[in-house]
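[1] need a structure here:
(one chain, ligands or ions: 1)
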Amino acid sequence: MKEMARKIIVANWKMHPASAKEANRLFKEYRKLGASTAADMVVCPPSLYLALAGKGLKLGVQNIATEEVFGQTGEISSTMAKSIGATYVIIGHSERRRAQKETDELINQKVLAALQARLRVILCVGESSQVRAKGFSAAKSYVEAQLAADLKNVPEGSALIIAYEPIWAIGSGTADNPAEAAAMASAITAASGYRVIYGGSVTSQNARDFLQYKEIYGALVGGASLKAGEFKKIINLVTK
Ligand code: PGA
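    Residues are numbered from 1 along each chain as shown. Alright, predicted model coming up:
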(Lines give C-alpha, C1' and ligand atoms only; values in the text may rest on other atoms or scores of the structure.)
Protein backbone atom coordinates (compact mmCIF):
# COMPACT_ATOMS: atom_id res chain seq x y z
CA MET A 1 0.00 0.00 0.00
CA LYS A 2 1.06 3.58 -0.63
CA GLU A 3 2.44 5.65 2.19
CA MET A 4 -0.49 7.07 4.14
CA ALA A 5 -0.62 10.69 5.21
CA ARG A 6 -0.65 11.35 8.93
CA LYS A 7 -3.93 10.23 10.46
CA ILE A 8 -5.70 10.54 13.78
CA ILE A 9 -7.20 7.57 15.61
CA VAL A 10 -9.62 8.38 18.40
CA ALA A 11 -10.66 5.77 20.94
CA ASN A 12 -14.14 6.30 22.37
CA TRP A 13 -14.45 4.07 25.40
CA LYS A 14 -18.03 5.25 26.00
CA MET A 15 -19.20 3.86 29.38
CA HIS A 16 -16.44 1.24 29.60
CA PRO A 17 -14.64 -0.40 31.26
CA ALA A 18 -16.77 -1.19 34.29
CA SER A 19 -14.06 -0.74 36.92
CA ALA A 20 -11.07 1.47 37.68
CA LYS A 21 -8.95 -1.67 37.85
CA GLU A 22 -9.78 -2.54 34.25
CA ALA A 23 -9.29 1.07 33.20
CA ASN A 24 -5.80 1.01 34.74
CA ARG A 25 -5.00 -2.12 32.78
CA LEU A 26 -6.26 -0.64 29.50
CA PHE A 27 -4.38 2.63 30.02
CA LYS A 28 -1.21 0.62 30.59
CA GLU A 29 -1.68 -1.09 27.22
CA TYR A 30 -2.42 2.24 25.56
CA ARG A 31 0.69 3.86 27.03
CA LYS A 32 2.77 1.24 25.22
CA LEU A 33 1.29 2.53 21.95
CA GLY A 34 1.63 6.18 22.88
CA ALA A 35 5.05 6.78 21.37
CA SER A 36 3.94 6.29 17.75
CA THR A 37 5.01 9.13 15.52
CA ALA A 38 3.01 8.74 12.32
CA ALA A 39 -0.42 8.88 13.93
CA ASP A 40 -2.11 10.97 16.53
CA MET A 41 -3.80 8.73 19.04
CA VAL A 42 -6.44 10.21 21.30
CA VAL A 43 -8.13 8.32 24.12
CA CYS A 44 -11.55 9.40 25.37
CA PRO A 45 -12.28 7.40 28.52
CA PRO A 46 -15.15 8.05 30.91
CA SER A 47 -14.18 11.31 32.67
CA LEU A 48 -14.05 9.50 36.00
CA TYR A 49 -10.98 7.60 34.79
CA LEU A 50 -9.02 10.52 33.31
CA ALA A 51 -6.85 10.79 36.40
CA LEU A 52 -5.72 7.18 35.94
CA ALA A 53 -4.32 7.75 32.44
CA GLY A 54 -0.73 8.37 33.50
CA LYS A 55 1.74 10.19 31.27
CA GLY A 56 2.15 10.25 27.52
CA LEU A 57 -1.41 9.85 26.23
CA LYS A 58 -3.45 12.45 24.41
CA LEU A 59 -6.77 12.55 26.24
CA GLY A 60 -10.27 13.65 25.44
CA VAL A 61 -13.63 13.78 27.21
CA GLN A 62 -16.87 12.46 25.74
CA ASN A 63 -19.02 15.45 26.63
CA ILE A 64 -18.75 18.90 28.14
CA ALA A 65 -21.04 21.40 29.85
CA THR A 66 -22.05 24.53 27.98
CA GLU A 67 -21.27 26.88 30.81
CA GLU A 68 -18.70 27.30 33.52
CA VAL A 69 -21.22 27.74 36.30
CA PHE A 70 -21.36 26.18 39.71
CA GLY A 71 -24.99 25.09 39.66
CA GLN A 72 -24.87 22.20 37.21
CA THR A 73 -25.05 18.96 39.17
CA GLY A 74 -23.34 16.10 37.40
CA GLU A 75 -21.72 18.17 34.65
CA ILE A 76 -18.04 18.65 33.85
CA SER A 77 -16.60 21.90 32.55
CA SER A 78 -13.99 22.42 29.86
CA THR A 79 -11.70 23.96 32.44
CA MET A 80 -11.90 20.86 34.63
CA ALA A 81 -11.29 18.59 31.65
CA LYS A 82 -8.22 20.60 30.70
CA SER A 83 -6.88 20.70 34.21
CA ILE A 84 -6.79 16.90 34.34
CA GLY A 85 -4.97 16.74 30.99
CA ALA A 86 -7.70 16.45 28.35
CA THR A 87 -7.11 18.37 25.14
CA TYR A 88 -10.00 16.99 23.05
CA VAL A 89 -13.74 16.70 23.46
CA ILE A 90 -16.27 14.59 21.56
CA ILE A 91 -19.44 16.61 21.01
CA GLY A 92 -22.75 15.58 19.45
CA HIS A 93 -22.31 11.81 19.48
CA SER A 94 -25.53 10.21 18.22
CA GLU A 95 -25.89 8.28 21.47
CA ARG A 96 -26.09 11.59 23.35
CA ARG A 97 -28.32 13.13 20.69
CA ARG A 98 -30.70 10.21 21.23
CA ALA A 99 -30.47 9.28 24.93
CA GLN A 100 -29.71 12.73 26.37
CA LYS A 101 -31.91 14.44 23.77
CA GLU A 102 -29.11 16.79 22.74
CA THR A 103 -30.36 19.15 20.05
CA ASP A 104 -28.28 20.82 17.35
CA GLU A 105 -28.74 24.07 19.26
CA LEU A 106 -27.26 22.61 22.44
CA ILE A 107 -24.48 20.92 20.50
CA ASN A 108 -23.65 24.25 18.89
CA GLN A 109 -23.39 25.86 22.35
CA LYS A 110 -21.10 23.06 23.51
CA VAL A 111 -18.89 23.45 20.44
CA LEU A 112 -18.57 27.18 21.05
CA ALA A 113 -17.88 26.69 24.77
CA ALA A 114 -15.23 24.03 24.16
CA LEU A 115 -13.45 26.10 21.52
CA GLN A 116 -13.55 29.14 23.76
CA ALA A 117 -11.81 27.04 26.42
CA ARG A 118 -9.26 25.91 23.79
CA LEU A 119 -10.26 22.28 23.70
CA ARG A 120 -10.03 20.56 20.32
CA VAL A 121 -13.48 19.50 19.18
CA ILE A 122 -14.47 16.22 17.56
CA LEU A 123 -17.98 16.98 16.30
CA CYS A 124 -20.06 13.92 15.42
CA VAL A 125 -22.64 13.95 12.67
CA GLY A 126 -24.41 11.18 10.76
CA GLU A 127 -27.74 10.00 9.47
CA SER A 128 -30.13 7.29 10.65
CA SER A 129 -30.95 4.18 8.65
CA GLN A 130 -34.33 5.71 7.72
CA VAL A 131 -32.60 8.69 6.12
CA ARG A 132 -30.00 6.52 4.44
CA ALA A 133 -32.74 4.33 3.00
CA LYS A 134 -33.72 7.34 0.88
CA GLY A 135 -30.29 7.30 -0.72
CA PHE A 136 -26.86 8.90 -0.46
CA SER A 137 -27.96 12.36 -1.45
CA ALA A 138 -30.70 12.43 1.21
CA ALA A 139 -28.04 11.42 3.75
CA LYS A 140 -25.73 14.14 2.47
CA SER A 141 -28.43 16.80 2.82
CA TYR A 142 -29.21 15.59 6.33
CA VAL A 143 -25.57 15.79 7.39
CA GLU A 144 -25.14 19.22 5.76
CA ALA A 145 -28.11 20.51 7.77
CA GLN A 146 -26.54 19.14 10.97
CA LEU A 147 -23.27 20.88 10.11
CA ALA A 148 -24.95 24.21 9.41
CA ALA A 149 -26.70 24.10 12.79
CA ASP A 150 -23.86 22.66 14.85
CA LEU A 151 -21.24 25.02 13.43
CA LYS A 152 -23.28 28.22 13.67
CA ASN A 153 -21.03 31.16 14.62
CA VAL A 154 -17.99 28.89 14.82
CA PRO A 155 -15.03 30.86 13.44
CA GLU A 156 -13.47 29.41 10.32
CA GLY A 157 -10.32 27.42 10.90
CA SER A 158 -11.20 26.46 14.49
CA ALA A 159 -9.49 23.51 16.18
CA LEU A 160 -12.16 21.06 15.11
CA ILE A 161 -12.58 17.87 13.15
CA ILE A 162 -15.80 16.19 12.10
CA ALA A 163 -16.53 12.55 12.82
CA TYR A 164 -18.88 11.13 10.23
CA GLU A 165 -20.72 8.34 12.00
CA PRO A 166 -23.77 6.91 10.25
CA ILE A 167 -25.97 5.92 13.18
CA TRP A 168 -26.81 2.53 11.72
CA ALA A 169 -23.11 1.65 11.56
CA ILE A 170 -22.36 2.37 15.22
CA GLY A 171 -21.89 -0.75 17.31
CA SER A 172 -23.76 -2.79 14.72
CA GLY A 173 -20.89 -4.70 13.17
CA THR A 174 -21.97 -3.28 9.79
CA ALA A 175 -19.59 -0.50 8.80
CA ASP A 176 -20.38 1.93 5.99
CA ASN A 177 -19.16 1.19 2.50
CA PRO A 178 -15.67 2.78 2.54
CA ALA A 179 -16.09 4.46 -0.87
CA GLU A 180 -19.37 6.02 0.23
CA ALA A 181 -17.85 7.09 3.54
CA ALA A 182 -15.05 8.77 1.58
CA ALA A 183 -17.61 10.51 -0.65
CA MET A 184 -19.46 11.73 2.44
CA ALA A 185 -16.18 12.86 4.02
CA SER A 186 -15.41 14.86 0.92
CA ALA A 187 -18.90 16.44 0.95
CA ILE A 188 -18.51 17.33 4.63
CA THR A 189 -15.14 18.97 4.04
CA ALA A 190 -16.61 20.87 1.07
CA ALA A 191 -19.50 22.09 3.24
CA SER A 192 -17.53 22.89 6.39
CA GLY A 193 -13.85 23.28 5.58
CA TYR A 194 -12.91 20.72 8.25
CA ARG A 195 -11.18 17.37 8.07
CA VAL A 196 -13.27 14.26 8.55
CA ILE A 197 -12.75 10.99 10.38
CA TYR A 198 -14.99 7.96 10.00
CA GLY A 199 -16.66 6.07 12.84
CA GLY A 200 -19.03 3.11 12.98
CA SER A 201 -17.92 -0.51 13.48
CA VAL A 202 -14.28 0.17 12.66
CA THR A 203 -12.16 -2.91 13.39
CA SER A 204 -8.62 -4.01 12.65
CA GLN A 205 -10.13 -5.94 9.72
CA ASN A 206 -11.71 -2.98 7.94
CA ALA A 207 -9.78 0.07 9.20
CA ARG A 208 -7.39 0.08 6.26
CA ASP A 209 -10.30 0.17 3.81
CA PHE A 210 -11.32 3.53 5.27
CA LEU A 211 -7.93 4.99 6.13
CA GLN A 212 -6.54 4.44 2.65
CA TYR A 213 -8.74 7.31 1.41
CA LYS A 214 -7.12 10.72 1.55
CA GLU A 215 -10.56 12.22 2.27
CA ILE A 216 -10.70 10.19 5.48
CA TYR A 217 -8.35 11.73 8.00
CA GLY A 218 -8.74 9.04 10.64
CA ALA A 219 -11.11 6.89 12.64
CA LEU A 220 -13.31 7.10 15.72
CA VAL A 221 -13.24 3.67 17.26
CA GLY A 222 -15.71 2.44 19.87
CA GLY A 223 -15.98 -1.29 20.57
CA ALA A 224 -12.62 -2.20 19.05
CA SER A 225 -10.83 0.36 21.22
CA LEU A 226 -11.62 -1.67 24.35
CA LYS A 227 -9.50 -4.59 23.24
CA ALA A 228 -5.90 -3.43 23.44
CA GLY A 229 -4.69 -6.00 20.90
CA GLU A 230 -7.34 -5.03 18.38
CA PHE A 231 -6.71 -1.31 18.86
CA LYS A 232 -2.98 -1.86 18.51
CA LYS A 233 -3.54 -3.41 15.09
CA ILE A 234 -5.47 -0.33 13.99
CA ILE A 235 -2.76 2.00 15.28
CA ASN A 236 -0.11 -0.11 13.56
CA LEU A 237 -1.85 0.41 10.22
CA VAL A 238 -1.12 4.11 10.36
CA THR A 239 2.27 4.01 12.03
CA LYS A 240 4.05 1.71 9.63
P1 PGA B 1 -18.23 1.49 17.32
O2 PGA B 1 -18.54 2.94 17.92
O3 PGA B 1 -16.82 1.51 16.82
O4 PGA B 1 -18.42 0.55 18.48
O5 PGA B 1 -19.21 1.28 16.22
C6 PGA B 1 -18.07 4.09 17.31
C7 PGA B 1 -18.61 5.31 17.99
O8 PGA B 1 -19.78 5.31 18.38
O9 PGA B 1 -17.90 6.31 18.18
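[2] which one in the chain is furthest away from the centre?
    Relative to the C-alpha centroid of the chain, counting by Cα atoms, centre = their mean, residue 71 is the outermost residue, at 28.0 Å.
[3] Please, which helix or strand holds it?
    Counting by DSSP states H and E, no helix or strand carries residue 71.
[4] So which residues on the chain come close to the ligand?
    Counting by Cβ under 6 Å from any ligand atom, the residues of the chain lying close to the ligand are 12, 165, 170-171, 199-202, 220-224. Every C-beta, even on glycine, is put in place using the N, C-alpha and C of the backbone.
[5] ok and the residue in this structure nearest the ligand?
    Using Cβ to the nearest ligand atom, the single residue of the chain nearest to the ligand is residue 222, 2.2 Å away.
[6] my guess is that residue contacts residue 171, does it?
    Yes - under the criterion of Cβ atoms under 8 Å, residue 222 is in contact with residue 171, at a separation of 6.2 Å.
[7] okay, those two: which has more neighbours?
    Each of residue 222 and residue 171 had its neighbours counted (other Cβ atoms under 10 Å), and the higher figure belongs to residue 222 (22 against 13).
[8] For the protein, just list every one of the strands.
    7-12, 39-44, 58-61, 86-91, 120-125, 160-164, 196-199, 216-221 (DSSP state E).
[9] Which of the ones you listed has the lowest mean pLDDT?
    Confidence, taken as mean pLDDT, is least for strand 39-44 of the strands of the chain (a mean of 91).
[10] From residue 192, how far out is the nearest residue in space to residue 14 that is not next to it in sequence?
    Take residue 14 and drop its neighbours on the chain: the residue closest to it by Cβ to Cβ, 6 or more residues apart in numbering is residue 222, 6.0 Å away. For residue 222, the distance to residue 192 (Cβ to Cβ, to the nearest Å) stands at 23 Å.
[11] Over to residue 40?
    If you measure residue 40 against residue 192 using Cβ to Cβ, the figure is 20 Å.
[12] what stretches of this structure score poorly on pLDDT?
    Across the chain, residues meeting the criterion (pLDDT under 70) sit at 1-3, 34-38, 240.
[13] Please point out which parts of stretch 55-75 sit buried.
    When burial is assessed from 16 or more other Cβ atoms under 10 Å, stretch 55-75 yields the following buried residues: 57, 58, 59, 60, 61, 62, 63, 64, 65, 66.
[14] Show me what stretch 156-165 is in contact with.
    Contacts with stretch 156-165, where a contact means Cβ atoms under 8 Å, 6 or more residues apart in numbering, come from 8, 10, 90, 93-94, 111, 115, 118-126, 143, 147, 154, 181, 184-185, 188-189, 192-200, 217-218, 220.
[15] same check, this time on stretch 72-89
    Applying Cβ under 8 Å, 6+ apart, the external contacts of stretch 72-89 come out as 10, 42, 44, 47, 50-51, 53, 58-65, 67-68, 110, 113-114, 116-122.
[16] which residues does the nearest residue to residue 221 once chain neighbours are set aside contact?
    Nearest residue to residue 221 in three dimensions, chain neighbours excluded: residue 202, at 4.9 Å (Cβ to Cβ, 6+ apart). By Cβ under 8 Å, 6+ apart, the residues touching residue 202 are 175, 210, 219, 220, 221, 222, 224, 234.
[17] What about residue 202? Give its phi and psi, please.
    Dihedral angles phi and psi of residue 202 (degrees, to the nearest 10) take the values phi -80, psi 130.
[18] and the gap between it and residue 146?
    Using Cβ to Cβ, residue 202 is found at 21 Å from residue 146.
[19] Can you give me the buried ones in stretch 116-127?
    For stretch 116-127, using 16+ other Cβ under 10 Å, the buried residues are 117, 119, 120, 121, 122, 123, 124, 125, 126, 127.
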